[in-house]
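Chemist: what follows is a predicted protein model with its sequence.
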Amino acid sequence: MSAVQRLEAACEPAAVATDVIWTDEAGSSRDLRHAFGRFATGVTVITINSPDGPYGMTVNSFSSVSLDPALILWSVDKGSARCPYFREASHFAVNILSAGQAAVALSFARDPLAFDTTAWNESDIGLPVLSGCTATLECRREAVHPGGDHLIIVGQVLKACVAEREPLLFHKGDFGAMA
């Protein structure tokens, strides 16, 4: 089959997602979340220094934005008790979790102070950074934008560290790794 034939086959009605589960007029937020969950993402823990000490939150709404300047973004629910801490933080670290760190993701999803169950260090600029990650990005908050029921936080990357580890993935409500 040629490349053109493969593209034509991919556009056949049977290949197009047709089960409507949500529209802007009908459907629940759970239905929309189900559709969003079809997009596989990496998993991060965003960490900051707060007035209460090291503070973290599991996030999968992370994305790179720009190489020049080096910008990333992530979002936090405005209704979360953690939102004020992250909105006000001048600096933060994006800890991109590795395949064996599902327990770390779950710990920080439940408890922002889960540092006692996770190996971590303080970075050169004083940020808590988690051990065992596939990458860590140390950032300065560049901007905060409203985004519906979330805040979109844009950060300028000051330092990026990587390790040769497979990433932790999240898809359809479950953790996994690359096959």
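Modeler: Looks like it arrived, so ask away. Quantities reported herein were computed from a predicted structural model and do not represent experimental measurements.

Chemist: remind me which residues of the chain are low pLDDT?
Modeler: 1-16 (pLDDT under 70).

Chemist: how does it divide up, domain by domain?
Modeler: 1-36, 41-176 (automatic domain parsing).

Chemist: what's the most buried one of those domains?
Modeler: domain 41-176 (a mean of 17; mean count of other Cβ atoms under 10 Å). For every residue, glycine as well, the C-beta is placed using N, CA and C.

Chemist: how long is it from one end to the other?
Modeler: One end of domain 41-176 sits 10 Å from the other (Cα to Cα, to the nearest Å).

Chemist: show me where this protein has its strands.
Modeler: 41-42, 44-50, 53-59, 63-67, 70-77, 91-96, 120-122, 128-130, 135-147, 150-162, 169-171, 174-176 (DSSP state E).

Chemist: ok, for the residue nearest in space to the middle of the chain, nearest residue in space, not its chain neighbours?
Modeler: Nearest to the geometric centre of the chain sits Asn60, at 2.4 Å (Cα atoms, centre = their mean). Closest residue in space to Asn60, ignoring its immediate chain neighbours: Thr41 at 4.3 Å, by Cβ to Cβ, 6 or more residues apart in numbering.

Chemist: so who does that neighbour touch?
Modeler: With contact set as Cβ atoms under 8 Å, 6 or more residues apart in numbering, Thr41 has these partners: 60-62, 169-171.

Chemist: appreciated, that's everything.
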